[in-house]
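Q: Provided below for reference: sequence and predicted model.
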Amino acid sequence: VPVGAPHPLALRSLRARALSGPALQYASLQIPGLAERRLRSRSALEGLLRSWAGPYTREAVAEEAAYYAELLSRPGAAHSALEPLRNLMLSRAETAALGKPVAIPVLSVQGELDPVQPAQAYARDTHHVTGNLRQATIRRSGHFPQEEAPAELVRALLTFLADVAPAV
């Protein structure tokens with residue numbers, strides 16, 4: 001169940017898109033050292049959270065910046081948090097492996113107002129899943145549905161699981 005994360009190959013196919021401010025911030029997290037410092041800085045992290053959250057939840061999400069900055073200040077934490085983003089530059093072998101469609105049930109969740117990941121990328125998830133693909137858009141949420149609308153996210157998860165889980 002990816003949340004705020006369309007299929008990596010779908011993102012690659014949209015490389016030529018114009019980068020907005022939040023998408024540029026996302027790209028800047030590729031810069032080793034600088035990115036880790038930004039994640040450990042409360043003010044920088046607050047700015048990032050505020051710009052990636054939806055307009056209705058921006059302040060509430062930003063209030064958590066000190067907590068996240070403290071967690072990310074632990075040795076290796078910021079680096080580890082950034083590794084999945086840095087691994088978007090894929091080798092041929094990784095691209096080939098990711099090119100094989102997923103045959104298991106997938107719930108792909110996006111925030112309706114996500115300024116980081118374009119809706120077109122989520123639409124391309126259909127090219128990478130041959131199994132049951134369910135796409136849920138969490139209304140009034142930005143890039144962080146788990147923070148901005150946890151009840152709606154849980155509702156989407158429970159509905160999906162009830163539909164795909166075998167009856168016990």
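A: Received it, and whenever you're ready, just let me know what you need.
Q: neighbours of residue 157, how many?
A: Residue 157 has 15 neighbours, counted by other CB atoms under 10 Å. Where you see a C-beta, it was placed from the backbone N, CA and C, and this is true even at glycine.
Q: how far away is it from residue 74?
A: Separation of residue 157 from residue 74 (CB to CB, to the nearest Å): 28 Å.
Q: quick one: secondary structure of residue 161?
A: Put simply, residue 161 is helix when judged by DSSP: H, G, I helix; E, B strand; the rest coil.
Q: can you name the element that comes right after the worst-scoring helix or strand of the chain on mean pLDDT?
A: In the chain, no helix or strand scores lower on mean pLDDT, DSSP states H and E than helix 21-28, which sits at a mean of 70. Next helix or strand after helix 21-28 toward the C-terminus (DSSP states H and E): helix 34-40.
Q: what about this structure, any weak spots by pLDDT?
A: 11-21, 23-24, 87-89, 167-168 (pLDDT under 70).
Q: domain map for it?
A: What automatic domain parsing lists as the domains of the chain is 8-14+91-164, 21-86.
Q: make TSV from these and add distance to residue 2 to it.
A: Shown next, in TSV, are the domains of the chain (distance: least, CB to CB, whole Å):
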stretch	distance to residue 2
domain 8-14+91-164	6
domain 21-86	11
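Q: quick one: closest of those domains to residue 1.
A: domain 8-14+91-164 (4.7 Å; CB to CB).
Q: how long is the closest one end to end?
A: Start-to-end span of domain 8-14+91-164 (CA to CA, to the nearest Å) is 24 Å.
Q: again, but for stretch 51-65
A: 12 Å.
Q: measure residue 42 to residue 107 for me?
A: Distance from residue 42 to residue 107, by CB to CB: 33 Å.
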